[in-house]
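Chemist: A predicted structure for the sequence below; I have some questions about it.
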Amino acid sequence: MKFWKRWLRFFTDEEEHERPTNRERLDHRPERAEAKVVYQYPQGRFRFPLIPDDHSLETKKTTRQIVDEESRLKPPRRPSVDTVRETSEKKPFRPSDVPSPIFGYHNNREQRQRLTEQGIIAARRTAEKAKQRPEGLSADGQASSLPSEQALSSRSSDFINTAAPQGTLEQTTHSAKGGAAADRQTEKETQVDAATVQIATPGAEKRMNEISEEENELRKAPFTETAAEAEEQPVELVEESLVLGEPAFTQTAVEAKEPSADPIAEESVLDEPSFTETAAEAKDPSVELVEEAPALGESAFTEIAKEAEEQIEGISAGDDDCEGKAEAGQAAMKGTTWTEAPVSEEKEVPEAMSAAVPTSGEPAAPEMKEEQAHASLCQAASVVEPESGSREGGDEHENGRSATRVHENRLTQPDDRDDGQKEMQELPTESGNRNARGTSKEAERRPLSSSAPASENRRAADRHRPERMRIPYNVMMLKQDRRKLEERAARRSSGYSLPPLSLLQPPGEAAACDEQWIHEQCARLDQTFESFHIGAKVVHATQGPTVTQFEVQPDLGVKVSKITSLTDDIKLSLAARDIRIEAPIPGKRTIGIEVPNPSSRPVQLREILDSSAFREHCSPLTVALGLDISGAPVVTDIKKMPHGLIAGATGSGKSVCMNAMLVSMLYKAAPHEVKWLLIDPKMVELAPYNGLPHLLSPVITEAKAAAGALKWAVREMERRYELFVHAGVRDIEKYNAYLRAQGSGEPILPYIVIVIDELADLMMAAPADVEESICRLAQKARACGIHLLIATQRPSVDVITGLIKANIPTRIAFSVSSQIDSRTILDANGAERLLGRGDMLFLENGSAKSVRLQGCFISDEEIERVTAYVKAQQGPSYMFSPDEFRQTAAFSEEDDELFDEACRFVIAQGGASTSSLQRHFRIGYNRAARLIEMMEEQGLISEARGSKPRDVLMSEEEWTRWRERGALQTDGFSSSEQ
Ligand SMILES: Nc1ncnc2c1ncn2[C@@H]1O[C@H](COP(=O)(O)OP(=O)(O)OP(=O)(O)O)[C@@H](O)[C@H]1O
């Protein structure tokens, strides 16, 4: 790089001293020297070819590798920037091909395409301008004619005009000195440079021209590379730049000021270099490609690109890089007309950059400069084509690698963007000092407005970004959430809203724990054990709504049976109504003695429904049971039951428990989700639910109709299993999910809950059919969504047969009169010691031990309010009437294999008699008489008329229709009725 020294000798010694660092650095770049020797700038008029994208991408990759290597070798210089870089390294941008709503991937790609087109247009315009200029200003003509001061001045003006809108370093300058003053200073210094060139000895002209040529070539190369890089950056980086890129200018401008110890000196140095730098950036990459590529050809371009990589490395390395960049930018900016710029540039830019970047050095500074350069490139594009500027910002910031820093900047100065945006819209495209001054004024208005154009670009990109891209994409929705949403949407679409809790009685004040009573009871218990010489003592007591559990810990060697055998003695000593001993408490080393509280408080249903335990349950078959001994709410899911048996003596609270469960379901399930089949032989217990949309039929009170309903349920179960087989699913949930996935609009299968309030009565009326139906349902109906809730007063073996009990795993035992009943219900003692009025033992499916609960209470008024609310929303949509069920039952019960044939025979004969049936079918009197009776019950024939044959009341068609109607009624759940 001796030519640098020689070339600089043309200037004053003082100038030489001003930039020793830069020259030293240049001297340490042998690669660049080699490149310069090998590739000489072509003489004469030339045009660079347009380089295909693929090729540029390759060169860009090579450049990046070299830059990376260089940056790795360079020690960190500036701690403050290091911190920023560390931050940026902590969060590296990982571009991907997945369209991101945040980075606007596709949108920006389109913008880039448009930008490229506009850049080409701008390039053509610049080429036309270049043609109009005098030949003396051409690149190859620089040796023959040094530009006059006027030419330099005009060029400088052009330069300023082009650079002004960029406002990169220029704005920094203006922020320090003021816009107009900066312009004047810039012009002045440019003129001084020109004069210096003119003063140079004529003999040295030729040599200087050669040097200038070489330098021009070298300087254009990096810019070409930069331009190519700007064009070829991966789209992901464009995205990144769109989001984060623009504030890099602000950062650069701010940081450029920070390290300078002498602001005035810095300003003076920055003045012209700022324009130079901006000019370098002002060139649209596409313009550069159009003007330079043809002369060199593709291979030449490749070589130059390699050289450019070295230049960029230099940029990364230090101040001379900035110079190289600026030079390249100048060359690009001026195209073939620029000759003197390198001279002034070489003199000024490094100083500018030394002012902008502290001499102590910083690793991040080169990046910032790169960002500046690229940012200015896009800004230049905006000058040539104002619209394209905003798009170019994206490309420019592809190279801005200090994303984090940039982002921070943007956060600290968000307001700059709007100003910058307005300003960008106002920027004129014509050249002239006016523009520069105008821009300077703008710069005055916004001290850090150098970030504005890029921020505007980003904003513009955001504005053009589709709305969907702003939707967060990282929200995970679980299967459960999706189902909830679907259910809610279905409820909304069905126009059904769940009843409010305000319809229920609010819970009363919870009674304060009776400490004194508890202490007394503890003392008495201890005394009792002592008096019976049993080593045991009370260690803990828990007071529930109805009973208090005292935990007794026996000493080692004391049998549990010793304590349990003292039940009556303890009851006596405590003067308790009844006590229940749980020995031992599962999972504990203690024995529980449950003593009734002196005063019990009812547990309101609202208390449970308002608990998180109930609210968080998403099943429509969630039901509230009550509070356990510690006062915790207990809820269960009928799906998990899957069938329940509730037994207890009269007045123990069965009906209240059943009502509480039904109302709980009303608070969870819409009518299309759950259907009820209520069988109430007592006629009054479930009557309030008549007219609800959840009912399949009015509440069934007749045993025959109940039997028919159970038969229908069995057929419905079989029908559902057939559906499941066809759909290839195993249960109702999967089938409904399958239906939803099909999207056929077919309504989902509702759960069916069959409630029988008194099984004993039903079993007496039609024991065989009821037991058979219940057993079949209990065995198989769980998976198809049919569940049984059976209550009975008399839990004897003739009511709750072994078959029924075996298939109903969930039991709720209220107070019963004997241990036998307790064993019949729970297969264990304990229910006989319950206190009644909702005191119950709950044996859950799969649980070995029952839990003592105080069942929740719901009054008739509350039931009325809730059912009225539901009825007000939807009317009943019964599928069947009890009569139809009764008929079904009759058909089922009394069907004889000969019955149909006998009916047809009677219709054909026109009369019916027992003897004629006996003769025709060769059956006995009993069977024939029974068939005649069945025909009479069905309304086919008239009553007996003595010895005369009975009249036939139906034609064959009518009879066929009648039979079909009966068959249809039992055909199963019609989806249309849901
Ligand atoms: N959980 C409860 N909390 C408070 N009181 C209750 C509770 N359950 C029932 N009771 C009281 O017990 C009375 C009888 O309850 P319920 O009618 O449910 O008994 P039952 O077992 O159905 O009797 P039956 O079999 O004769 O119909 C209720 O009127 C109510 O006063």
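Modeler: Received, thanks.

Chemist: how about the residues of the protein by the ligand?
Modeler: Taking CB under 6 Å from any ligand atom as the contact definition, the chain meets the ligand at 602, 648, 650-656, 793, 837-838, 855, 857. Where C-beta positions appear, they are placed from N, C-alpha and C, glycine not excepted.

Chemist: so who does residue 828 touch?
Modeler: Going by CB atoms under 8 Å, 6 or more residues apart in numbering, residue 828 touches 822, 850.

Chemist: wasn't it part of a strand?
Modeler: No - applying DSSP: H, G, I helix; E, B strand; the rest coil, one finds residue 828 to be coil, outside a strand.

Chemist: quick check: phi and psi at residue 676.
Modeler: Main-chain dihedrals, residue 676, degrees, to the nearest 10: phi -110, psi 150.

Chemist: number of residues surrounding it?
Modeler: Using other CB atoms under 10 Å, residue 676 is surrounded by 25 other residues.

Chemist: please save the CA atoms from the host helix or strand of residue 932 in PDB.
Modeler: Using DSSP states H and E, residue 932 sits in helix 925-937. Extracted in PDB, the C-alpha atoms of helix 925-937 (Å, rounded to 0.1, in the frame of the first residue of the first chain):
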ATOM      1  CA  TYR A 925    -107.400 -73.400  25.700                       C
ATOM      2  CA  ASN A 926    -105.200 -71.300  28.000                       C
ATOM      3  CA  ARG A 927    -102.900 -70.000  25.300                       C
ATOM      4  CA  ALA A 928    -105.800 -69.300  23.000                       C
ATOM      5  CA  ALA A 929    -107.700 -67.500  25.700                       C
ATOM      6  CA  ARG A 930    -104.600 -65.500  26.500                       C
ATOM      7  CA  LEU A 931    -104.100 -64.500  22.900                       C
ATOM      8  CA  ILE A 932    -107.800 -63.300  22.800                       C
ATOM      9  CA  GLU A 933    -107.200 -61.200  25.900                       C
ATOM     10  CA  MET A 934    -104.100 -59.700  24.400                       C
ATOM     11  CA  MET A 935    -106.000 -58.800  21.300                       C
ATOM     12  CA  GLU A 936    -108.600 -57.100  23.400                       C
ATOM     13  CA  GLU A 937    -106.000 -55.100  25.300                       C
END
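
Chemist: following the chain past that helix, name the next helix or strand.
Modeler: As assigned by DSSP H and E, the chain's next helix or strand after helix 925-937 is strand 950-951.

Chemist: I'd guess residue 592 is in a helix, am I close?
Modeler: No - read with three-state DSSP, residue 592 is strand and lies in no helix.

Chemist: what sits against it?
Modeler: By CB under 8 Å, 6+ apart, the contact list for residue 592 reads 549-552, 581-585.

Chemist: the residues you listed in strands, which ones?
Modeler: The strands, defined by DSSP state E, take in 549-552, 581-582 from those.

Chemist: related to what we said a few turns ago, flag the least confident of the contacts of residue 592.
Modeler: Ranked by pLDDT, the contacts of residue 592 bottom out at residue 583 (81).

Chemist: report how many residues lie close to that residue.
Modeler: The local packing of residue 583 (other CB under 10 Å) involves 17 other residues.

Chemist: wait, it sits on residue 563?
Modeler: Yes - counting by CB atoms under 8 Å, residue 583 touches residue 563, with 6.3 Å between them.

Chemist: shared neighbours of the two, anything?
Modeler: residue 591.

Chemist: and the closest residue to residue 761 other than its chain neighbours, what is it in contact with?
Modeler: Nearest non-adjacent residue to residue 761, counting by CB to CB, 6 or more residues apart in numbering: residue 681, 3.8 Å away. Contact analysis of residue 681 by CB under 8 Å, 6+ apart lists 701-703, 706, 757-758, 761-762, 765.

Chemist: that older thread, inside strands: which ones of the residues of the chain next to the ligand?
Modeler: Residues of those located in strands (DSSP E): 855, 857.

Chemist: just the ones of the residues of the chain next to the ligand in helices?
Modeler: Secondary structure from DSSP state H places 654-656 of the residues of the chain next to the ligand in helices.

Chemist: do I have it right that residue 619 meets residue 668?
Modeler: Yes - Residue 619 lies in contact with residue 668 (CB under 8 Å); the separation is 7.2 Å.

Chemist: between the two, who's got more neighbours?
Modeler: residue 668 (23 against 19).

Chemist: can you report how many residues neighbour residue 807?
Modeler: By other CB under 10 Å, 20 other residues sit near residue 807.

Chemist: what sits closest to it if chain neighbours are left out?
Modeler: residue 778 (3.2 Å).

Chemist: work out for me the element that neighbour sits within.
Modeler: Assigned by DSSP H and E, residue 778 belongs to helix 767-780.

Chemist: in what helix or strand does the residue nearest to residue 761 lie?
Modeler: Using DSSP H and E, no helix or strand contains residue 681.

Chemist: what's the pLDDT at it?
Modeler: pLDDT, the model's per-residue confidence, is 87 for residue 681.

Chemist: ok, the nearest residue in space to residue 697 that is not next to it in sequence - contacts?
Modeler: Excluding its sequence neighbours, the residue lying closest to residue 697 (CB to CB, 6+ apart) is residue 880, at 4.3 Å. Neighbouring residues of residue 880 by CB under 8 Å, 6+ apart: 696-697, 709, 712, 969.

Chemist: residue 880 in helix, strand or coil?
Modeler: Residue 880 ends up coil, using three-state DSSP.

Chemist: quick check: the gap between it and residue 517.
Modeler: In this view, residue 880 and residue 517 are 55 Å apart by CB to CB, to the nearest Å.

Chemist: what does residue 771 give?
Modeler: The value you get for residue 771 to residue 517, if CB to CB is used, is 48 Å.

Chemist: now do the same contact list for the residue of the chain found nearest the ligand.
Modeler: In the chain, the residue that lies nearest the ligand is residue 838 (2.1 Å; CB to the nearest ligand atom). With contact taken as CB under 8 Å, 6+ apart, residue 838 is in contact with 546, 602-603, 626, 653, 656-657, 814, 854-857.

Chemist: highest neighbour count among the residues you listed?
Modeler: Going by other CB under 10 Å, residue 856 tops these with 33 neighbours.

Chemist: so what pairs up with that one in the strands?
Modeler: residue 603 (DSSP bridges).

Chemist: that one and residue 610 touch, don't they?
Modeler: No - contact criterion CB under 8 Å: residue 856 and residue 610 do not qualify, at 11.2 Å.

Chemist: what's the helix holding residue 778 in contact with?
Modeler: Counting by CB under 8 Å, 6+ apart, 643, 703, 706-707, 710-711, 713-714, 717, 721, 754, 759, 762-763, 786, 788, 790, 801, 803-804, 807-808, 889, 892-893 sit against helix 767-780.

Chemist: and that helix, average pLDDT?
Modeler: pLDDT averaged over helix 767-780 gives 85.

Chemist: tell me which residues in that helix are buried?
Modeler: The neighbour-count check on helix 767-780 (16 or more other CB atoms under 10 Å) flags 769-778, 780 as buried.

Chemist: done for today, thanks.
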